[in-house]
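[1] Mind looking at a prediction? Sequence and model below.
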Amino acid sequence: MLTTRLANDRGHADHGWLNTYHTFSFADYFDPDHMGFRGLRVINEDRVQPGQGFGTHPHRDMEIISYVLEGSLEHRDSMGTGSIIRPGEVQRMSAGRGITHSEFNASREELVHFLQIWIVPAERGIEPSYEQKAFPPETMTGQLRLVASPDGHDGSVTIHADARLYAGRFDPGVTGELLLAKDRHAWVQVVRGKARVAGQDLSAGDGLAVSQVSSVSMEGLEASELLAFDLV
């Protein structure tokens, strides 16, 4: 079963300093038909103006992944973590029993364009934690590279949820495949370019929910970048 979520159908808000699109219900955007998919709760595509950002705010009981496409994102949190996230890096923050953090555009000149992803954890009330890793471009070129998993397999960041996240870059005509075990589901998000996913032609910002299949095919229609989620 395939269900397409087109970019232009997402929730949208332009606050001047922030231009944001919500694949699923978030903040002031509410759509009862799009509350998430399986354990995937949020995919927000954010563009933040230079020197602007999200002030200190709380989270709890959520696995939060930041994936930067352009620019640099500065992170600070109540655990004392301070870092800058750049393209090719994946940040995981487990909010657990409670954490506060802020995110700002680290540049005074360039826009930062990133995805913030929330995944429902397998257990509530865990100890908050933070992890950030870099993944060289060649490891995700022409293939899917595991970047987040429950066990940190293959050097991925560790998330406290029964979910796996892959990132891949596909030039025109280059193909890839996500294999799914029985009773697993997939969400594929095109973050750059155009790609054919499970026979569906998708563009940047489009997503596809996939169920009741054993594999999901992917092919670049132009230079493209995709995120693929393997979900219970």
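    Structure received.
[2] low pLDDT regions in the protein?
    Along the chain, no part satisfies pLDDT under 70.
[3] quick one: what helix or strand has the residue nearest to the spatial centre of it in it?
    By C-alpha atoms, centre = their mean, the chain has its centre lying nearest to residue 117, at 4.3 Å. If you go by DSSP states H and E, residue 117 is part of strand 112-119.
[4] What helices and strands are in contact with that strand?
    Judged by 3 or more C-beta pairs under 8 Å, 6 or more residues apart in numbering; DSSP states H and E, strand 112-119 is in contact with strand 40-48, strand 63-70. (Glycine included, C-beta is placed from N, CA and C.)
[5] what sits up against the last one?
    What that stands for is strand 63-70. By C-beta atoms under 8 Å, 6 or more residues apart in numbering, the residues outside strand 63-70 that reach it are 73, 75, 85-87, 89-95, 103, 110-121, 148, 157, 159-161, 163, 165, 167, 191-192, 225, 227.
[6] coming back round to it: for the helices and strands packed on strand 112-119, which one sits closest to residue 216?
    Of all these, it is strand 40-48 that lies closest to residue 216, at 14.7 Å by C-beta to C-beta.
[7] What angle do strand 63-70 and that closest one make with each other?
    Interaxial angle, strand 40-48 versus strand 63-70 (axes from the mean of the first three to the mean of the last three C-alpha atoms, to 10 degrees): 30 degrees.
[8] Mind listing what's buried along stretch 114-134?
    For stretch 114-134, the neighbour count (16 or more other C-beta atoms under 10 Å) marks 114-121, 128, 130-133 as buried.
[9] next one: stretch 38-49
    38, 39, 40, 41, 42, 43, 44, 45, 46, 47, 48, 49.
[10] Closest one to residue 137 out of the residues you listed, please.
    Closest to residue 137, out of all of the buried residues of stretch 38-49 and judged by C-beta to C-beta, is residue 45, at 20.5 Å.
[11] Relative to residue 10, how far out is the closest residue to the residue nearest to the centre of the chain other than its chain neighbours?
    Among residues not flanking residue 117 along the chain, residue 65 sits closest, at 4.2 Å (C-beta to C-beta, 6 or more residues apart in numbering). Between residue 65 and residue 10 the distance is 18 Å, computed by C-beta to C-beta, to the nearest Å.
[12] Next: residue 97.
    In this view, residue 97 and residue 10 are 31 Å apart by C-beta to C-beta.
[13] Which one of the two is surrounded by more residues?
    Here residue 97 and residue 10 are compared on neighbour count by other C-beta atoms under 10 Å; more neighbours surround residue 10, at 22 against 12.
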